[in-house]
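Enquirer: coords please:
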Amino acid sequence: MLSENFIQLINIQTITLIANLSLIPVFRRCLLPVVLMLFSVNALAAKSFTYEVTGLGSSLQENVTLYLESLPAINVGEIDQYRQDIRIAVEKALMALGYYRPTIELRHSKKPSQLLTVHVNPGEPVRIRQVQITLEGGARDDPAFQQLLRQTPVKVGAVLNDGDYEALKTQLNDLTLTRGYFDAQFSTHEVKVYPEQHAADIVLAMNSGRRFAFGPVIYAHSVTAATQKLLGTMINFTRGEPYRSEKVSQLNVDFSATSYFRSIDVRPLRGRAQGDEVPIFVDVIPKTHWDIEAGIGFSSDEGPRLSMSVDNYWLGPKGHTFSSDIKISRPITELSGRYRIPYGNPLLEYYSLDGGYQGISNLDTNSHLISASVNRWKKRRNNWNQNFFVRMDAENFTQGLQSDSTILLIPGMAFDRRTITGSPTNPESGSFYSIKLEGSAKALLANANFARLSGRAKWLSSFYGRHRFIGRVEQGALWVDDIANVPPSMRFFTGGDQTVRGYDFDSISPRDSSGQLVGGRYLTAASIEYAYEFYPNWQIALFVDSGTVTDDYSNNTVGWKTGAGPGLRWVTPLGPLKLDFAFAVSEPGSPVRVHFSIGPDI
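Expert: Numbers count the residues shown, from 1 in each chain. Okay, here's the model as predicted:
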């Protein structure tokens, strides 16, 4: 093997030889092969070793490989001077996982010359012989600490693992901060290892001190009294309650969710603790501008769609907000606005004054609806949200052969509940339920007494990582003497991307004597879908949808309409982008319709 000094000498001589080659053609012909050979030797010596680790299980082999890869590049000619460094790296990797007396053999293969085989016999592991963990102070009787110690893998008989031990220390330290033990510190933390006995003793002692409680809320000087009153409705703790950092974190999240503020600072003032109480500092800077957003979209129900929103989230320190939306597509034009007035926590309790216009020109429906409503919202975390409302609808319409106009005063109530696990736009599992009851009477200017009930339920379940099931059911009922006495917005239609795929948007309903759609009294629809993730963020799907709209289930002139087929899903930050090929199997020839949509499954 050429030495490094000899290789450096060769490099110097080759420079001189190359310079002389241009002067002596004879030498050039004779020495050119020599020069090429010398460069080949130099290139071979510059090659770095790759390691092949043998004799170990997967976890040990992975750790040894990581340690070896952290070494500087070792050229083939440097193996002798780095053998000890390689052995030390292997020993450290094994010691971290409890193996203190390994046998290590380095084998340098001639072909390929840059391969170094590291064969290891790890020997018998060091096991934990004694564990002495002592908690003093308030943490001694705190159930959260007891649960942590029950779950830790640092137990008598376990193989010593540096990572598990350090993780336990970190978890104990984090838990003290999370639960308000701000004076906590370790008085003892040591691991005694006896390699010859294959044993280790662990001693860990912590004095947590007292547990602090929530103190008063201290607002920054710039926060006005009216804003302090508004924020006070969102405070999720009471003074004297044991401190928990997750409540402070949740308060930050809640303040942000209002969209009121462009800057939020919520934190404990540990240096200003009085007795057992730590004050909570709050500083917010409101947004003072209008937000304007514009966008374009597409779905097979509506085709291309233009949208724009204009919002102001801070109309004074009492938390009033204004939002508006414009959506324009081929069949539907919508303009809506909402003014919100909190009467409690602005995220959960507020009144809203809503108004808008909706124009529909789809199939046999031509409708112009102007509505205004007063709503009282009360939302509950992980529970049913409720809305009690009174709405005024003025609708001018042509539905099939009927042309009319109506003005209705409609009181009602609506409830919904959504629970998910995982990402809000692509949850792993969840459910959604909604129900709405509304109606009117002749005494409230209606052409007839009527009541309308509609409900929807949807479930999502994932299993074995790649498989998903989605189920959906819908039911609606309209009680009225003559369906012609209510406008199209109160009647039921179905079909399209979100209901029965394979059919046009709102194309399923009873028809009049001319064969035009008129809407129906009752709606029933159901769907089941299976999806499989064949590549990260890509899924294939199979689905079956079925539904009907009728005036009489016993004499259903519409019949049950069923669509089925395959689909493709691409998971985006906005939710899955869905491409479905739906065959209308209830129709002659089972015609296919392509559906395109985007949004969360729940």
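Enquirer: alpha carbons only for contacts and neighbour counts from here, please
Expert: OK.
Enquirer: quick one, phi psi at Tyr165?
Expert: phi -70, psi -50 (degrees, to the nearest 10).
Enquirer: what distance do you get for the nearest residue to it once chain neighbours are set aside to Gln130?
Expert: Distance criterion CA to CA, 6 or more residues apart in numbering; nearest residue to Tyr165, sequence neighbours excluded, is Val154 at 6.5 Å. According to CA to CA, to the nearest Å, Val154 and Gln130 sit 10 Å apart.
Enquirer: neighbour count: the two, which is higher?
Expert: With neighbours defined as other CA atoms under 10 Å, Val154 and Gln130 compare such that Val154 has more, 20 against 15.
Enquirer: what sits against that one?
Expert: Val154 is in contact with Ile128, Val131, Leu160, Asp164, Tyr165, Leu168, counting by CA atoms under 8 Å, 6 or more residues apart in numbering.
Enquirer: the same query, at a cut-off of 10 Å, please.
Expert: Ile128, Val131, Leu160, Asn161, Asp162, Asp164, Tyr165, Ala167, Leu168, Ile202 (CA atoms under 10 Å, 6 or more residues apart in numbering).
Enquirer: buried ones among the residues you listed?
Expert: Applying 16 or more other CA atoms under 10 Å to these, the neighbour count classes Ile128, Val131, Leu160, Asn161, Tyr165, Leu168, Ile202 as buried.
Enquirer: got TSV for those residues, with distance to His119, secondary structure and pLDDT too?
Expert: Shown next, in TSV, are these (distance: CA to CA, whole Å; DSSP: H, G, I helix; E, B strand; the rest coil; pLDDT from 0 to 100):
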residue	distance to His119	secondary structure	pLDDT
Ile128	27	strand	96
Val131	33	strand	96
Leu160	22	coil	96
Asn161	22	coil	95
Tyr165	28	helix	96
Leu168	32	helix	97
Ile202	31	strand	97
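Enquirer: taking the residues you listed together, which two end up most distant?
Expert: With CA to CA as the measure, no two of the buried ones among the contacts of Val154 lie farther apart than Ile128 and Leu168, at 14.6 Å.
Enquirer: end-to-end on stretch 548-555?
Expert: Chord length of stretch 548-555, first to last residue, is 12 Å (CA to CA).
Enquirer: whoops, stretch 105-120 was the one
Expert: So stretch 105-120: terminal residues 6 Å apart, CA to CA.
Enquirer: residues contacting that stretch, please?
Expert: Residues outside stretch 105-120 that contact it (CA under 10 Å, 6+ apart): 44-56, 60-61, 64-65, 68, 74-77, 79, 83, 86-87, 90-91, 94, 102-104, 121.
Enquirer: next: stretch 292-310.
Expert: Identification of contacts with stretch 292-310 by CA under 10 Å, 6+ apart yields 290-291, 311-312, 322-337, 362, 495-498, 503-506, 578-579, 593-598.
Enquirer: for PyMOL, write the selection for the buried entries among the residues you listed.
Expert: Remark: buried members of these, expressed as a PyMOL selection using 16+ other CA under 10 Å:
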select buried, resi 311+312+322+323+324+325+326+327+328+329+331+332+333+334+335+336+337+362+495+496+497+503+504+505+506+578+579+593+595+596+597+598
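Enquirer: filter the contacts of stretch 292-310 down to the ones in strands?
Expert: Among the contacts of stretch 292-310, the members falling in strands (DSSP state E) are 291, 311-312, 322-329, 332-337, 362, 578-579, 593-598.
Enquirer: any idea how far Arg569 is from the residue nearest the centre of the chain?
Expert: By CA atoms, centre = their mean, the chain has its centre lying nearest to Ser423, at 2.2 Å. Using CA to CA, Ser423 is found at 16 Å from Arg569.
Enquirer: and Leu71, how many neighbours does it have?
Expert: When neighbours are counted by other CA under 10 Å, Leu71 registers 12.
Enquirer: and for the one 5 residues further on?
Expert: Neighbouring residues of Val76 were enumerated by other CA under 10 Å; the total is 20.
Enquirer: re earlier: anything in contact with each of Val154 and Gln130?
Expert: Common neighbours of Val154 and Gln130 are listed as Ile202 (criterion: CA under 10 Å, 6+ apart).
Enquirer: run through the chain and note the low-pLDDT ranges.
Expert: 1-48, 110-113 (pLDDT under 70).
Enquirer: if you set the cut-off to 50 instead, what comes out?
Expert: In the prediction, the chain carries residues with pLDDT under 50 at positions 1-46.
Enquirer: ok, the longest strand seen in it: who's next to it in the sheet?
Expert: Assignment by DSSP E gives strand 402-422 as the longest strand of the chain. Using DSSP bridges, the strands paired with strand 402-422 in its sheet are strand 385-399 (antiparallel), strand 427-440 (antiparallel).
Enquirer: can you list the buried residues in that strand?
Expert: Neighbour counts over strand 402-422 (16+ other CA under 10 Å) mark 406-420 as buried.
Enquirer: how close does the closest residue to Pro573 other than its chain neighbours sit to Leu577?
Expert: Excluding its sequence neighbours, the residue lying closest to Pro573 (CA to CA, 6+ apart) is Thr425, at 6.8 Å. Distance, Thr425 to Leu577, by CA to CA: 11 Å.
Enquirer: what sits in contact with each of the two?
Expert: Among the neighbours of Thr425, those also in contact with Leu577 (CA under 10 Å, 6+ apart) are Val571, Gly599, Pro600.
Enquirer: can you confirm Gln61 is in a helix?
Expert: Yes - assessed with DSSP: H, G, I helix; E, B strand; the rest coil, Gln61 lies in a helix.
Enquirer: ok, back up a step: list just the nearest of the buried residues of strand 402-422 to Pro216.
Expert: The closest of the buried residues of strand 402-422, once distances to Pro216 are taken by CA to CA, is Thr419, at 33.3 Å.
Enquirer: and the closest one, what is it in contact with?
Expert: Taking CA under 10 Å, 6+ apart, we find Thr419 in contact with Arg381, Asn382, Asn383, Pro427, Ser429, Gly430, Ser431, Phe432, Tyr433, Trp459, Ile602.
Enquirer: also Arg418?
Expert: Contacts for Arg418 (CA under 10 Å, 6+ apart) come out as 381-385, 430-434, 457-459, 602.
Enquirer: just among these, which is most surrounded?
Expert: Most neighbours among the contacts of Arg418, by other CA under 10 Å: Ile602, with 22 neighbours.
Enquirer: relative to Thr103, how far out is that one?
Expert: Separation of Ile602 from Thr103 (CA to CA) stands at 57 Å.
Enquirer: for Val154, same thing?
Expert: Counting by CA to CA, the separation of Val154 from Thr103 is 26 Å.
Enquirer: next up, the contacts around the nearest residue to Leu437 once chain neighbours are set aside.
Expert: Distances taken as CA to CA, 6+ apart place Leu453 nearest to Leu437, at 4.6 Å, with adjacent residues excluded. By CA under 10 Å, 6+ apart, Leu453 lies in contact with 412, 414, 435-439, 475-479, 522.
Enquirer: go on, Arg211?
Expert: By CA under 10 Å, 6+ apart, the contact list for Arg211 reads 137-139, 142, 176-177, 179-184, 242-243, 276-277.
Enquirer: go again using 7 Å as the cut-off
Expert: Taking CA atoms under 7 Å, 6 or more residues apart in numbering, we find Arg211 in contact with Gly138, Gly180, Tyr181.
Enquirer: then Lys155?
Expert: When contacts are counted by CA under 7 Å, 6+ apart, Lys155 touches Ile128, Val131.
Enquirer: torsion angles phi and psi at it?
Expert: When read as degrees, to the nearest 10, the backbone of Lys155 gives phi -140, psi 160.
Enquirer: and for Pro591?
Expert: The phi/psi pair for Pro591 (degrees, to the nearest 10) is phi -60, psi 150.
Enquirer: can you give me the end-to-end distance of stretch 290-307?
Expert: One end of stretch 290-307 sits 17 Å from the other (CA to CA).
Enquirer: just name the closest of the buried ones among the contacts of Val154 to Gly344, please.
Expert: Leu168 (42.4 Å).
Enquirer: how about the closest one: what's its closest non-neighbour residue?
Expert: Of all residues not flanking Leu168 in the chain, Thr152 sits nearest, at 6.9 Å (CA to CA, 6+ apart).
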